[in-house]
Structures are given as structure tokens and as C-alpha cells.
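Q: mind looking at a prediction? Sequence and model below.
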Amino acid sequence: MKKHTWILVVVLMLAAAGCSVRIDLGGATATPVPSPSPLPPAPTALPTALPNPTALPPTPTQAPLGLNSVLIYLIAPEDNGKSGMLVGCGDSAVPVSVAIEPTLGVLRAAYSELFKLYGKQYYGQSGLMNALYASNLSIESLAVENGTARVALKGSISLGGVCDTPRVEAQLRLTALQFSTVQDVFITLNGVPLKDALSLK
């Protein structure tokens, strides 16, 4: 067998074994070259979706601003307790709902609405009477402690007769007792207990 033919056979055998071959024709030799190492596998693809972020706590709802209406008490003369609580000379103390700006200070708001009726003897066309219409009153201080509303008023009370005394007392007391946090009321006028102030009229 010729030399070149023998070299060709060797090359083919090495190639079949998976080896690379470097041929030096000048020296008529074939030197096997080690095959390159296989490439490492491609990295696993990153997830396309990011994990869910930690859920934020829900935004707290705004605290309520308070009631938007209160009751004031007026008098139905000679109603004999048919329309409300029986008071005075056979009269009734009747609750009337009044709209106010939303507030948590509902006790103060109720008295303020009642005192706004200064100078008005009757409440619109309702036939209800305001026994406090000639009394110029304002709030000096008020607080609710252990279920008792302590209301300090200042100003003057003017009565139209003996029947006005229980009417005025009912209007002032019931306006505070409408609230569930109030079980009793202690009212003063210019530092004097209301009962004493009314007895002097």
C-alpha cells in the first residue's frame, strides 16, 4: 500500500472515532487533535413573571364625621301627651329633627339649634311652641361624665307664666336626653342650678 494511501486510511479511522486530525503533508504524518470539550448547557430561562409583591394593607376608610341631624324639643300646648311626653299644664314635649353640619359634637349642636329659635314663639306652621323664645341663652360649657350631661348655660330666661316653667325645663332636659350616652342631665344657668333659677322667675 502506498504511503499516502495509508495516511488517508488512518485519517478516516480517526475521524470515525470522533477525533480531529491535523495533517502535516510535509512530514506525511497525521497527529490526532483532541476534540474540544462540549459547551455547557444553556442556563435555564428566567421566569417571565415576577413573584407577586407583598400585598399592601387596604387603605383605611375615613372615619365618620358624625351625625348630620339632631332633635330639638318643642311644646304642643294642651296636647295632653298625645304627640310626645306629657309635661306642664297638659302639654306635650315633641321632638323635631333638625339638619346640621356633620359633627361629633352633637350635644352642643342640639342646644345651638334650639337657641337659634330665640325670638320665634312658634315653629313655622307646625303649631308647636317654643317656650324659650324670649330667653337669650348660650352654652358656657358642657361635658358628659359617667352618663350625666353637665350643661352650663349663661344668659337670661324669660317666662310667660307658671306653665312655662315645666315647658322650659322639658325642652332643655330632653334635648340632652335624646342621646344614648346621656342618662341624666344637670343644668346650671349663670352658675345656679336650673330648678333654682326657674323658681326665681
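A: Structure received.

Q: residue 149 contacts residue 108, doesn't it?
A: No: using CB atoms under 8 Å, residue 149 is not in contact with residue 108; the gap is 10.7 Å. C-betas here are computed from N, CA, C, even on glycine.

Q: what sits in contact with each of these two?
A: Residues touching both residue 149 and residue 108 (CB atoms under 8 Å, 6 or more residues apart in numbering): residue 142.

Q: who has more neighbours, the two?
A: More crowded of residue 149 and residue 108, by other CB atoms under 10 Å: residue 149, with 21 against 15.

Q: downstream of whichever strand or helix holds the more buried one, the next helix or strand is which one?
A: Taking DSSP states H and E as the criterion, residue 149 maps to strand 148-156. Later in the chain than strand 148-156, the nearest helix or strand by DSSP H and E is helix 164-177.

Q: list the buried residues for stretch 133-150?
A: Residues 135, 137, 142, 144, 149 are the ones in stretch 133-150 that count as buried (16 or more other CB atoms under 10 Å).

Q: check stretch 112-121 too.
A: By neighbour count on 16+ other CB under 10 Å, the buried set for stretch 112-121 is 112, 113, 114, 115, 117.

Q: for this protein, what are the low-confidence residue spans?
A: Along the chain, the model assigns pLDDT under 70 to residues 1-65, 201.

Q: switch to 90 and redo it
A: Applying pLDDT under 90 to the chain flags the ranges 1-67, 88, 125, 160, 199-201.

Q: can you spell out the domain ranges of it, please?
A: 3-33, 67-199 (automatic domain parsing).

Q: what about the longest one, start to end distance?
A: In this case it means domain 67-199. 35 Å (CA to CA, to the nearest Å).

Q: what residues does the strand holding residue 149 touch?
A: Counting by CB under 8 Å, 6+ apart, 107, 111, 135-144, 172, 176-177, 179, 182-191, 194 sit against strand 148-156.

Q: neighbours of the closest residue to residue 141 other than its chain neighbours, how many?
A: Of all residues not flanking residue 141 in the chain, residue 152 sits nearest, at 4.6 Å (CB to CB, 6 or more residues apart in numbering). Residue 152 has 15 neighbouring residues, counting by other CB under 10 Å.

Q: could you do residue 73 as well?
A: 27.

Q: roughly how far does the residue nearest to it when sequence neighbours are not counted sit from residue 93?
A: Using CB to CB, 6+ apart and skipping the chain neighbours, the partner closest in space to residue 73 is residue 174 (4.3 Å). As judged by CB to CB, to the nearest Å, residue 174 and residue 93 stand 6 Å apart.

Q: joint contacts of those two?
A: By CB under 8 Å, 6+ apart, residue 174 and residue 93 have these common neighbours: 73, 85.

Q: of these two, who's got more company?
A: When residue 174 and residue 93 are compared for neighbours, residue 93 comes out ahead with 26 against 20, by other CB under 10 Å.
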